[in-house]
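Peer 1: I would like the atomic coordinates for the input below:
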Amino acid sequence: MINLSDQAIASKTEQPLPGAPENWKRFFSFSTDHKVIGIQYIVTAFFFFLIGGIFAMIIRGELITPEADLVDRTVYNAMFTMHGTVMLFLWTFPVLAGLANYLVPLMIGARDMAFPRPNAAAFWMVPVFGTILMASFLVPGGPAQTGWWSYPPASLQNPTGNLINGQFLWLLAVALSGVSSIMGAVNIVTTIIRMRAPGMTFFRMPIFVWTVLSAQIIQLFGLPALTAGAVMLMCDLTVGTTFFDPATGGQPVLFQHFFWFYSHPAVYVIILPIFGIFSELLPVYARKPLFGYKVVAVSSLIIVTLSAVVWVHHMFASGTPGWMRMLFMFSTMLISVPTGIKVFAWVATVWGGKLRLNTAMLFALGGLVMFVFSGITGIMLSAVPVDIHVNNTYFVVGHFHYVIYGAVVMGIYAAIYHWFPKMTGRMYYEGLGKLHFALTFIGANLNFFPMHPLGLQGMPRRVASYDPEFAFWNVIASLGAFLLGMSTLPFILNMVSSWVQGEKAPANPWRAIGLEWLVSSPPPHENFEEIPIVVAEPYGYGKQEPLVANINALEVESEHN
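Peer 2: Model prediction:
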């Protein structure tokens with residue numbers, strides 16, 4: 001284990017850039033500090049996460065009874081569309097961008113991102129397109145009502161006759177989101193490739209950096225397709241082009257290709273950093289090196305390659321030719337192999353370890369369990385006969401939410417708890433954290449598991465009313481959703497109170513290995529007074545060798561733990 005003298009680190013106080021805002025004010029400024037931008041991303045994303053959660057509870061409130069008796073059907077469709085859009089484009093992508101912004105430069109020994117000003121601009125586009133999306137509630141007809149995928153020809157309908165309508169604002173927000181994410185991807189990939197510290201070879205990079213690099217490569221080759229599709233659909237809606245309108249010779253299925261060419265790989269954009277978080281946290285709290293480090297690292301790149309040939313999996317029921325169905329069924333099943341490699345590595349890492357079940361570790365293990373379950377149902381959905389049978393049923397919804405909430409959100413919570421002392425210099429309250437985990441884990445399973453039997457029984461998705469035979473499982477799912485909504489309260493209380501008056505954190509409270517833990521908490525403005533020279537592998541628990549040859553002229557001690 002790598003350990004530093006707390007007294008020596010404490011003497012290295014943070015020195016803000018001359019003229020830069022101090023304390024909380026800097027988070028409301030156009031800062032170019034990657035750490036400030038990272039926290040801005042995380043806090044902004046969590047604000048929209050709460051909004052998306054409110055939409056979800058309205059949906060589940062409607063579905064607690066078979067009759068559509070809570071909101072108007074058009075309102076339900078708007079809530080359904082906005083929930084999915086907010087949770088993907090305003091929660092998962094921005095919050096993961098925030099974690100990458102904060103951690104990657106610290107982990108690779110860089111002082112900042114490669115392009116600080118475009119990095120700041122990419123963040124400030126998030127509240128802009130978020131505001132545009134929320135403004136759709138104020139236009140005649142309300143927000144878009146065609147789901148977060150916005151398939152034509154339904155998305156080309158304009159009953160209000162107004163140029164500025166909810167669907168137009170939805171497309172504009174998605175296009176701006178694409179531009180923001182592409183800017184961020186260019187920045188992150190350049191930073192990782194060009195700004196690593198001396199000695200930080202690719203196979204000395206932390207796995208989180210590997211997974212972020214892999215995810216952003218997918219962004220670079222896949223996201224332009226979605227952005228272009230959104231712009232083309234916006235042109236059909238506003239200026240009379242005929243790309244996707246079947247009434248004028250357009251091809252609506254072409255939009256599905258544009259959409260899913262990115263939106264299925266987008267699942268890996270989201271889940272790959274979570275894999276990195278699991279790979280960082282499990283060794284720390286098991287006190288063992290990550291099993292199969294190089295294989296786990298390379299498996300991320302294999303996922304990137306295979307993600308380019310899976311998108312038609314979502315179009316099996318769209319008149320896809322038989323040969324294409326077989327090809328994409330095979331590629332979808334094949335991508336489970338590098339993913340399974342990671343799961344086996346994590347199990348081998350914790351097996352026989354000295355587990356510390358604090359809040360971060362509980363969320364990591366809980367997320368791993370739910371991801372394994374989602375992987376089982378994912379293999380089922382990759383098979384053409386099963387996929388066609390449960391197409392557009394709640395089975396698909398349940399699988400998707402086990403991935404996005406069960407694995408991704410649980411992993412995000414694990415990361416926030418793990419790196420909270422590094423970001424704030426304060427310790428969180430363990431009791432509130434464990435209460436948060438219990439409510440989240442129970443609520444998520446109560447909410448999403450019932451969707452699987454509902455789907456197998458034939459309940460269609462995207463409906464406000466349903467046959468009474470589906471009532472039992474829907475009541476359970478709705479109660480779980482309300483519990484899941486309540487679970488955020490102890491998290492908010494914990495984060496705010498801990499940041500304001502929590503116990504002062506030492507530089508390395510978890511006794512972890514990694515460059516980010518070799519500087520004070522929170523880190524100085526430019527991270528390192530002297531760029532470290534990396535001389536050892538990043539997962540050396542139990543080894544008697546230092547990680548770096550120099551770090552701010554401080555002595556680095558290595559001890560067996």
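Peer 1: now the strands for the stretch 1-150 of the chain?
Peer 2: In the stretch 1-150 of the chain, the strands defined using DSSP state E, counting those that start in this stretch lie at 2-4.
Peer 1: chain center to stretch 347-360: distance?
Peer 2: On the basis of C-alpha atoms, centre = their mean, to the nearest Å, stretch 347-360 sits 23 Å off its chain's mean C-alpha point.
Peer 1: kindly apply the preceding question to stretch 114-127 instead.
Peer 2: Distance of stretch 114-127 from the chain centroid (C-alpha atoms, centre = their mean) equals 18 Å.
Peer 1: now do it: everything it contacts.
Peer 2: 30-34, 37, 40-41, 44-45, 90, 94, 97, 101, 113, 176-177, 179-181, 183-184, 186-187, 190-191, 194-195 (C-beta atoms under 8 Å, 6 or more residues apart in numbering). For the C-beta atoms, the positions are set from N, CA and C on the backbone; glycine is no exception.
Peer 1: mind doing that once more with 7 Å?
Peer 2: Stretch 114-127 is contacted by residues 30-32, 34, 37, 40-41, 44, 94, 101, 113, 176, 179-180, 183-184, 187, 190-191, 194-195 when judged by C-beta atoms under 7 Å, 6 or more residues apart in numbering.
Peer 1: for stretch 463-476, same thing?
Peer 2: 62-64, 66-68, 73, 76, 446, 450, 453-454, 457, 459.
Peer 1: my guess is Asn187 contacts Asp112, does it?
Peer 2: No. Look at Asn187 against Asp112 with C-beta atoms under 7 Å: they stay out of range, at 10.3 Å.
Peer 1: so which of these two has more stuff around it?
Peer 2: Higher neighbour count among Asn187 and Asp112: Asn187, with 24 against 19, using other C-beta atoms under 10 Å.
Peer 1: name the nearest residue to Gly548, ignoring sequence neighbours.
Peer 2: One thing to correct before we go on: residue 548 is Val, not Gly. Pro532 (4.2 Å; C-beta to C-beta, 6 or more residues apart in numbering).
Peer 1: contacts only, for Thr339.
Peer 2: Counting by C-beta under 7 Å, 6+ apart, Thr339 has contacts Ile303, Gly375.
Peer 1: before we move on, the earlier item: pLDDT and neighbour count for the contacts of stretch 463-476 - can I get that in a markdown table?
Peer 2: Listed next are the contacts of stretch 463-476 as a markdown table, based on pLDDT from 0 to 100; neighbours: other C-beta atoms under 10 Å:
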| residue | pLDDT | neighbour count |
| --- | --- | --- |
| Glu62 | 97 | 23 |
| Leu63 | 97 | 25 |
| Ile64 | 96 | 17 |
| Pro66 | 96 | 15 |
| Glu67 | 95 | 10 |
| Ala68 | 93 | 15 |
| Arg73 | 92 | 13 |
| Tyr76 | 96 | 21 |
| Leu446 | 98 | 18 |
| Pro450 | 98 | 22 |
| Pro453 | 97 | 16 |
| Leu454 | 97 | 26 |
| Gln457 | 96 | 14 |
| Met459 | 96 | 21 |
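Peer 1: most widely separated two among the residues you listed?
Peer 2: Arg73 and Leu446 (26.2 Å; C-beta to C-beta).
Peer 1: show me the strands in the stretch 451-561 of the chain, by range?
Peer 2: Under DSSP E, counting those that start in this stretch, the stretch 451-561 of the chain gives strands at 556-558.
Peer 1: related to what we said a few turns ago, got a ChimeraX select line for the buried ones in the contacts of stretch 114-127?
Peer 2: The ChimeraX command for the buried members of these (criterion: 16 or more other C-beta atoms under 10 Å) is given here:
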select :31,32,34,37,40,41,44,94,101,113,176,179,180,183,184,187,191,195
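Peer 1: now, which of the contacts of stretch 114-127 lie within helices?
Peer 2: 34, 37, 40-41, 44, 94, 101, 176, 179-180, 183-184, 187, 190-191, 194 (DSSP state H).
Peer 1: just the closest of those residues to Lys354, please.
Peer 2: Distances from Lys354 to these, taken by C-beta to C-beta, are shortest for Asn101, at 32.4 Å.
Peer 1: okay, the closest one and Met113: tell me how far apart.
Peer 2: For Asn101, the distance to Met113 (C-beta to C-beta, to the nearest Å) stands at 7 Å.
Peer 1: so what sits against both of those two?
Peer 2: Taking C-beta under 7 Å, 6+ apart as the criterion, Asn101 and Met113 both touch His34, Asn119.
Peer 1: correct me if wrong: Gln440 contacts Ser487.
Peer 2: Actually, residue 440 is Thr. It isn't Gln. Yes. Here Thr440 lies in contact with Ser487, judged by C-beta under 7 Å, at a distance of 4.4 Å.
Peer 1: neighbour count winner among the two?
Peer 2: Higher neighbour count among Thr440 and Ser487: Thr440, with 26 against 21, using other C-beta under 10 Å.
Peer 1: got a pLDDT number for the more buried one?
Peer 2: For Thr440, the model assigns a pLDDT of 98.
Peer 1: pull the number of nearby residues for the closest residue in space to Leu63 that isn't next to it in sequence.
Peer 2: Among residues not flanking Leu63 along the chain, Asn474 sits closest, at 5.1 Å (C-beta to C-beta, 6+ apart). For Asn474, the count of nearby residues is 22 (other C-beta under 10 Å).
Peer 1: cool, Val343 as well?
Peer 2: 16.
Peer 1: most centrally placed residue in the chain?
Peer 2: Geometric centre of the chain, nearest residue: Thr92, 3.8 Å, by C-alpha atoms, centre = their mean.
Peer 1: give me the nearest residue to that one, chain neighbours excluded.
Peer 2: Nearest non-adjacent residue to Thr92, counting by C-beta to C-beta, 6+ apart: Ile270, 5.1 Å away.
Peer 1: need the next SSE after the host helix or strand of that neighbour, C-terminal direction.
Peer 2: For Ile270, the host element (DSSP states H and E) is helix 265-286. Where DSSP H and E defines the elements, the next helix or strand beyond helix 265-286 is helix 293-307.
Peer 1: so how many other residues sit close to the closest residue to Pro421 other than its chain neighbours?
Peer 2: In this structure, Pro421 finds its nearest non-sequential neighbour in Ala505, 3.5 Å apart by C-beta to C-beta, 6+ apart. For Ala505, the neighbour count with other C-beta under 10 Å is 21.
Peer 1: so Ala505 touches Arg426, yeah?
Peer 2: Yes. Counting by C-beta under 7 Å, Ala505 does reach Arg426; the two are 5.6 Å apart.
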